[in-house]
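Asker: requesting a structural model of the entry that follows:
(one chain, ligands or ions: 1)
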Amino acid sequence: MQARGRLCVGIAPHPALLAAWGLADDAAGLERFSLTVLEAVGEQVAALKPQVALFERHGSRGLAALERLLAEAADASVLTIADAKRGDIGSTMAAYADAWLRDGSALAADAVTLSPYLGYESLRPALELAGATGRGVFVLALTSNPEGASVQHAGGADSVARRIATAAAADNRAAADAGGLGSVGLVVGATVGSAIVDLGLDLAAVNGPLLAPGLGAQGATGADLAATFGPAYANVLAPSSREILRAGPDPAALRAAAGRTLAGLSG
Ligand SMILES: O=c1ccn([C@@H]2O[C@H](COP(=O)(O)O)[C@@H](O)[C@H]2O)c(=O)[nH]1
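Answerer: Numbering: from 1, shown residues only. Predicted coordinates for the structure are as follows:
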């Protein structure tokens, strides 16, 4: 983010986008789509965020396309966030951690998104492996979809979202003391409006990167992002998928779309 700014481009090969790009809805289409985005904007943005579900829907061949994207991005020193939203009891969580965060794993990314619905502590194997391998996690706290509030706002002053933020801050404390950001980030949607303030979340105190989906296709703007995150805005990494991908497949058009989105993000 310091070197390239706060934009993260999502790699989301939806069937409609594949069709618009003149690609088949199959593994070869996914691979062409993904590598086109990597080549077009990889060096322009802070990170790429493949949406794992859109690869999984093609089974083993789709996952092979994701493996190739992750390997080529790593070779090109482009950071990747696997948007997989994994979460399970601890013993199974260790296997998810192994898949997404272990050196040498075919699916290793620089970070993975995690769901804390089985309890924040159930994520411990992934939190530990991320810390040990210089990777990161993004734990869902306040998601960008309107349905998320029914779970995440529950609990009033001691809301679920606030508990997640407090737990992440505790895990990042050593990094904060050393003057850096910790490896436990949060997902907090760009669309959450006043919820951060209403729920009393101190996101700056989390001292980790804040992945804020919702720009563009979900309606949030760069100005919304700065207003919504206030003092925590410095740590916000802003992903955008469909709005930028719609400009493809021409690489110059993809670069221009990413450049416009980045220009709309202050600071
Ligand atoms: O709260 C969340 C968590 C994850 N997402 C994911 O981000 C992208 C957003 O895509 P756009 O096309 O930019 O809307 C998508 O893959 C979601 O699964 C999210 O939107 N909200």
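
Asker: now do the contacts for residue 7.
Answerer: 44-46, 238-240, 258, 261-262, 265 (CB atoms under 8 Å, 6 or more residues apart in numbering). All C-beta spots, glycine's among them, are computed from the backbone N, C-alpha and C.

Asker: Throw these into TSV and include distance to the ligand, secondary structure and neighbour count, thanks.
Answerer: Shown next, in TSV, are those (distance: CB to the nearest ligand atom, whole Å; DSSP: H, G, I helix; E, B strand; the rest coil; neighbours: other CB atoms under 10 Å):
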residue	distance to the ligand	secondary structure	neighbour count
44	17	coil	16
45	13	coil	28
46	15	coil	21
238	10	strand	28
239	6	strand	30
240	5	strand	30
258	12	helix	23
261	10	helix	23
262	14	helix	21
265	14	coil	19
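
Asker: switch those residues over to TSV; also include pLDDT.
Answerer: Listed next are the contacts of residue 7 as TSV, based on pLDDT from 0 to 100:
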residue	pLDDT
44	95
45	97
46	98
238	98
239	98
240	98
258	98
261	97
262	96
265	95
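
Asker: okay, residue 99: pLDDT?
Answerer: Residue 99 carries a pLDDT value of 98.

Asker: how about the residues of the stretch 51-200 of the chain near the ligand?
Answerer: Proximity of the stretch 51-200 of the chain to the ligand (CB under 6 Å from any ligand atom) is limited to residues 51, 83, 143-145, 187, 189.

Asker: in PyMOL, select just the buried ones from those residues.
Answerer: Those of those that count as buried under 16 or more other CB atoms under 10 Å are selected in PyMOL with:
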select buried, resi 51+83+143+144+187+189
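
Asker: so can I have TSV of the contacts of residue 7 showing distance to residue 57?
Answerer: Shown next, in TSV, are the contacts of residue 7 (distance: CB to CB, whole Å):
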residue	distance to residue 57
44	28
45	25
46	27
238	26
239	20
240	22
258	25
261	26
262	30
265	31
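
Asker: okay, strands next: where are they in the chain?
Answerer: Secondary structure of the chain (DSSP state E): strands at 7-11, 47-50, 81-86, 111-114, 136-142, 184-188, 210-211, 236-240.
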